[in-house]
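> sequence unknown, structure follows:
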């Protein structure tokens, strides 16, 4: 049983006007096999939480703790967090010129596992996973995310997740920019890896459409850097009907 415990987390970013607090005391615990959805309006701190957990240098932790299986995750480097079992699927996956998908995947697996996978077994696993995600094998020889469509980039993220088998996966607006077919394929990929590995999932989204495919046990509403309300899957359905306006002070401009 693995556990990721976030306690009273405060995070700021540096702006031209000075240090700006974004997260203002977040408490959240995710266990093995659990699927948590974080929802909220633009600018509420959802992506800040994702990138802070992953160790992005732009985000400064000013208070609180994050503990992964009893270890202080905030004391770990980015690569140490990955080896400890944390995975981030980015909202906007970056291009890596000169690095093929094939080399990238095997290098990532070697780095997180501590040893290179046996080639024949690895090739079989990659081909099976790509087939499940309906990815053409020619992608293996293309440079990472160069010329990829939005759906192709997101499927590549799920391919990485499947092959790396993390303890916890943070999916930062994975549904962003996906058409109906791509959303279904990506969601099925997440469910497949979850069912196979029982990884914990932190799913960050604005909308409920991805939750029609990936069912969370827990839903957390983020407002102004804090969790304003928590509940089950029915809370997401209420948000679809009611929106986030009721959590905001009267007259607050919407992004």
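Thanks, I have it. Just so you know, these numbers come straight off a predicted model, no measurement behind them.

> so where's this structure uncertain?
Applying pLDDT under 70 to the chain flags the ranges 249-255.

> which residues in it form helices?
Under the criterion DSSP state H, helices of the chain are mapped to 46-54, 78-84, 101-113, 119-132, 150-164, 180-197, 233-242.

> so how far is the fourth one from its chain's centroid?
The offset between the C-alpha centroid of helix 119-132 and the centroid of the whole chain comes to 23 Å, using CA atoms, centre = their mean, to the nearest Å.

> Next, the angle from that helix to helix 180-197.
140 degrees (axes from the mean of the first three to the mean of the last three CA atoms, to 10 degrees).

> try the third one
Between helix 101-113 and helix 180-197, the angle formed by their directions is 30 degrees, by the same axes, to 10 degrees.

> any idea how far residue 54 is from residue 122?
With the distance defined as CB to CB, to the nearest Å, residue 54 ends up 25 Å from residue 122. Bear in mind the C-beta positions are built from the backbone N, C-alpha and C, glycine included.

> Identify the bridge partners of residue 200.
residue 168 (DSSP bridges).

> now do the one 4 residues further on
On DSSP bridges, the residues paired with residue 204 through beta bridges are residue 38, residue 172.

> separation between it and residue 229?
In this structure, residue 204 and residue 229 are separated by 16 Å, where distance is defined by CB to CB.

> Neighbour count for these two, which is higher?
Neighbours were tallied for residue 204 and for residue 229 using other CB atoms under 10 Å; the higher tally belongs to residue 204 (24 against 16).

> Name all residues that make contact with that one.
Each residue near residue 204 by CB atoms under 8 Å, 6 or more residues apart in numbering is listed here: 37-39, 46-47, 49-50, 170-173.

> With distance to residue 149 and neighbour count as new columns, can those be given to me in TSV?
As requested, those are arranged in TSV below (distance: CB to CB, whole Å; neighbours: other CB atoms under 10 Å):
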residue	distance to residue 149	neighbour count
37	25	25
38	26	26
39	26	25
46	24	23
47	22	22
49	27	27
50	23	22
170	23	26
171	18	28
172	18	22
173	16	21
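
> Can you convert these into a markdown table and add a column each for distance to residue 138?
Rendered in a markdown table, the data for the contacts of residue 204 read as follows (distance: CB to CB, whole Å):
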| residue | distance to residue 138 |
| --- | --- |
| 37 | 34 |
| 38 | 35 |
| 39 | 37 |
| 46 | 35 |
| 47 | 32 |
| 49 | 36 |
| 50 | 31 |
| 170 | 29 |
| 171 | 26 |
| 172 | 27 |
| 173 | 27 |
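
> Which single one of the residues you listed is nearest to residue 21?
Ranking the contacts of residue 204 by separation from residue 21, with CB to CB as the measure, puts residue 49 on top at 13.2 Å.

> who's in contact with the closest one?
Taking CB under 8 Å, 6+ apart, we find residue 49 in contact with 6, 9, 11, 23, 26, 38, 204, 222.
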